[in-house]
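Chemist: what would the 3D arrangement of this be:
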Amino acid sequence: MDFSKLPAILTPDLGLLFWMLLAFAVVFFVLAKYGFPAIVGMVDERNKFIEDSLKKAHEASERLENIKQEGEAILQEARDRQAQILKEAAETRDAIVEQAQQKAREEGARLLGDAKLAIEQEKRAAIADIRQQVATLSVEIAEKVLRQNLKDDKSQMDLIERMLDEVSTDK
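Modeler: Numbering: from 1, shown residues only. A predicted model of the protein is given here:
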C-alpha cells in the first residue's frame, strides 16, 4: 500500500503531528494538574455522600425495626394490663354483687323479723281487745240477767245471802 497517493488530509505531516502532540500534552498536563483532581475529588465526595446515606439508611432501618419491636412490646404490655384491669373489674363486680346480695338477705331477714314482731303485737292487741269486749259483754249480759232475776226485793236478799255464804266458806 502506498501512502503517497492518499489525500493530504489523511496523511498528516510530521510537523502537524508534532504540534498536535504538543497541544495534547499541554491540555493533558493542565487537566492532570487542575481538572482531574477536582473531578476525582468530586467523585470521592459523591461516593462518600452515597456511603453516608446508605449508612444512615441502614441505621434508620435498624431504628425503625427497634421502634417496631418496642411498639409491639408496649402493645403487648397494654394488652396484658387491659386483661388485668378487666379481671380486677370482674372480681370487684362479683364482690359488689355478693355484698349486695348479702345485704339484701340481711335486710329481708330483718324486715321478716320486724313483720313477725308487728304481727305478734297486733295479735296480742287484738286478743286484749277481744278479751275486753268479751268482759264488757259478759258484764252487760250478767247485769241484764241479774236485773231480770232481781226484780223484787226478796230475790235480791236471797242472792246477797248466798254470796255471803260463799265468801265465808271460801275463807
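
Chemist: every contact and neighbour count from this point should use C-alpha atoms.
Modeler: Fine.

Chemist: and for residue 35, the neighbour number?
Modeler: Look at residue 35: counted by other C-alpha atoms under 10 Å, it has 13 neighbours.

Chemist: helix, strand or coil for it?
Modeler: What DSSP: H, G, I helix; E, B strand; the rest coil gives for residue 35 is helix.

Chemist: residue 31: how many residues sit nearby?
Modeler: Residue 31: 14 neighbours (other C-alpha under 10 Å).

Chemist: that one and residue 42, how far apart?
Modeler: 15 Å (C-alpha to C-alpha, to the nearest Å).

Chemist: ok, now residue 70?
Modeler: For residue 70, the distance to residue 42 equals 41 Å [C-alpha to C-alpha].

Chemist: in this structure, which spans are helices?
Modeler: 14-30, 36-149, 153-170 (DSSP state H).

Chemist: okay, angle between the last one and helix 36-149 too, please.
Modeler: Going back to what we said before, that points to helix 153-170. 120 degrees (axes from the mean of the first three to the mean of the last three C-alpha atoms, to 10 degrees).
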